[in-house]
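Undergrad: kindly return the folded structure for what I paste below:
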Amino acid sequence: MTQSVTIKKGISIHNRLPKGYESIQINSGVVHHTDHEGSRVNFEQYSFMPLYIDEAYIPKRDWRTLSNNEKRRLNSSADLKDHNNIYLGELPEKVKSLFKKIDFSECKDRDDVMSCFGKTEALTKALNEELTDFLKTISNAKPFHLHCITANLPNIEMVACDITRLHPNFTIDEKKYMGLHNDGTQYMTLHTTHKFGNRICINIGEETRYFLYVNLSMIQVHNMLKEKTDVTKVDVYNVAETFFKYYPDYPVIKIKQEPFQYYIAPTDNCFHDGSTLGNTKLDINMVYFGNFTH
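TA: Numbers count the residues shown, from 1 in each chain. As a prediction, this is how the structure comes out:
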């Protein structure tokens, strides 16, 4: 039997969720999507097996609770920065109440979600004010902005997808999902991804979703790859495929994100993705970009 890999001290978790570490699990690594048995999506008019880009890696499903040693390694340090911690918490009750009044329970796609906001103009305005006030308390007096409101189908194991390789009139079942990945642009190197802030993702759907991440910064990943390959050929675009090729047994962390809970994560600086595996309703979330900590 292969010995499990011990996680390093890296990107930690600052946890304000009511269930604490009960909301967090760990596994034994990843597999290439060609060796992964996917799950069929059946929702409204859709029935298909999700496709993946060629280089996609998927977390194994052997999830378990954290050991005491793993909790210690994931526990946040006193040095809470926007690039070295995942922050977990719940929205204030006022904000929750306004989301509930707008009511997305009948939504079948993103257009329905936006229609709900449009039909409840007064509530949406009040929500925007309350949510902005809350975000100011965790934004470190730095600017932030709404990046997107997303609506993912249920039972999607990895929600991030790459549509740039598809024809203009593609259908939902032609989407290709990315697997665990890092965000990043041509303006970044593996040694500067920690300088670009983070995001807050708020679950405003009806069901629990999951945030999955590898607790290594891009600098840590770069240093580990130096032991295996020529890192001059590794950049923000191919680092995930390269890392998982050489370190498929490095564990992935899975965080349960219940309705009206949020995570804050430096998604340029770590491998990650969201998941709606096992769900039956539309997954809806709001994402803001900034420099958040709490």
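
Undergrad: so Leu123 belongs to a helix, correct?
TA: Yes. Note on Leu123: a helix contains this position according to DSSP: H, G, I helix; E, B strand; the rest coil.

Undergrad: so who does it touch?
TA: Listed by C-beta atoms under 8 Å, 6 or more residues apart in numbering, the contact set of Leu123 reads 98, 101-102. Using the backbone N, CA and C atoms, a C-beta is placed for each residue, glycine as well.

Undergrad: a markdown table for those residues, including distance to Asn279?
TA: Below are the contacts of Leu123 laid out as a markdown table (distance: C-beta to C-beta, whole Å):
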| residue | distance to Asn279 |
| --- | --- |
| Leu98 | 23 |
| Lys101 | 23 |
| Ile102 | 20 |
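
Undergrad: could you flag which of the residues you listed are buried?
TA: Neighbour-count burial (16 or more other C-beta atoms under 10 Å) applied to the contacts of Leu123 gives 98, 102.

Undergrad: need the contacts of Leu123 in a markdown table with pLDDT and distance to Thr171, can you?
TA: Shown next, in a markdown table, are these (pLDDT from 0 to 100; distance: C-beta to C-beta, whole Å):
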| residue | pLDDT | distance to Thr171 |
| --- | --- | --- |
| Leu98 | 98 | 35 |
| Lys101 | 97 | 34 |
| Ile102 | 97 | 29 |
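
Undergrad: give me the subset of the contacts of Leu123 that lies in helices.
TA: 98, 101-102 (DSSP state H).

Undergrad: and of these, the nearest to Asn140?
TA: Leu98 (24.6 Å; C-beta to C-beta).

Undergrad: how about that closest one: what's its closest non-neighbour residue?
TA: Leu127 (4.1 Å; C-beta to C-beta, 6 or more residues apart in numbering).

Undergrad: mind listing what's buried in the regular element (helix or strand) spanning the one you found?
TA: Per DSSP states H and E: Leu127 is located in helix 121-137. By neighbour count with 16+ other C-beta under 10 Å, helix 121-137 contains the buried residues 123, 126-127, 130-131, 134-135.

Undergrad: any idea how far Asn85 lies from Arg64?
TA: Taking C-beta to C-beta, to the nearest Å as the measure, Asn85 falls 23 Å from Arg64.

Undergrad: quick one, which of the two is more surrounded?
TA: Neighbour tally, Asn85 and Arg64, criterion other C-beta atoms under 10 Å: the higher count belongs to Asn85, 23 against 12.

Undergrad: next up, phi/psi of that one, please.
TA: Here is the backbone geometry of Asn85 (degrees, to the nearest 10): phi -140, psi 150.

Undergrad: hmm, it is touching Ser12, no?
TA: Yes. Look at Asn85 against Ser12 with C-beta atoms under 8 Å: they come within range, at 5.1 Å.

Undergrad: buried stuff in stretch 57-74?
TA: Using 16+ other C-beta under 10 Å as the test for burial, stretch 57-74 gives 57-59, 63, 66, 70-71, 73-74.

Undergrad: swap that for stretch 18-38, please
TA: For stretch 18-38, burial by neighbour count (16+ other C-beta under 10 Å) applies to 21, 23-33, 36, 38.

Undergrad: the bottom helix or strand of the chain by mean pLDDT?
TA: Lowest mean confidence among the helices and strands of the chain (mean pLDDT, DSSP states H and E): strand 161-162, at a mean of 87.

Undergrad: outside of it itself, list whatever touches it.
TA: Contact partners of strand 161-162, identified using C-beta under 8 Å, 6+ apart, comprise 53, 175-178.

Undergrad: contact partners for the residue nearest to Leu98?
TA: Leu127 neighbours (C-beta under 8 Å, 6+ apart): 95, 98-99, 102.

Undergrad: can you lay out those as a markdown table showing distance to Ile284?
TA: Below are these laid out as a markdown table (distance: C-beta to C-beta, whole Å):
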| residue | distance to Ile284 |
| --- | --- |
| Val95 | 15 |
| Leu98 | 15 |
| Phe99 | 10 |
| Ile102 | 11 |
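
Undergrad: just curious, which of these is nearest to Ala141?
TA: For the contacts of Leu127, the nearest to Ala141 is Val95 (20.3 Å; C-beta to C-beta).

Undergrad: fine, thanks again, bye for now.
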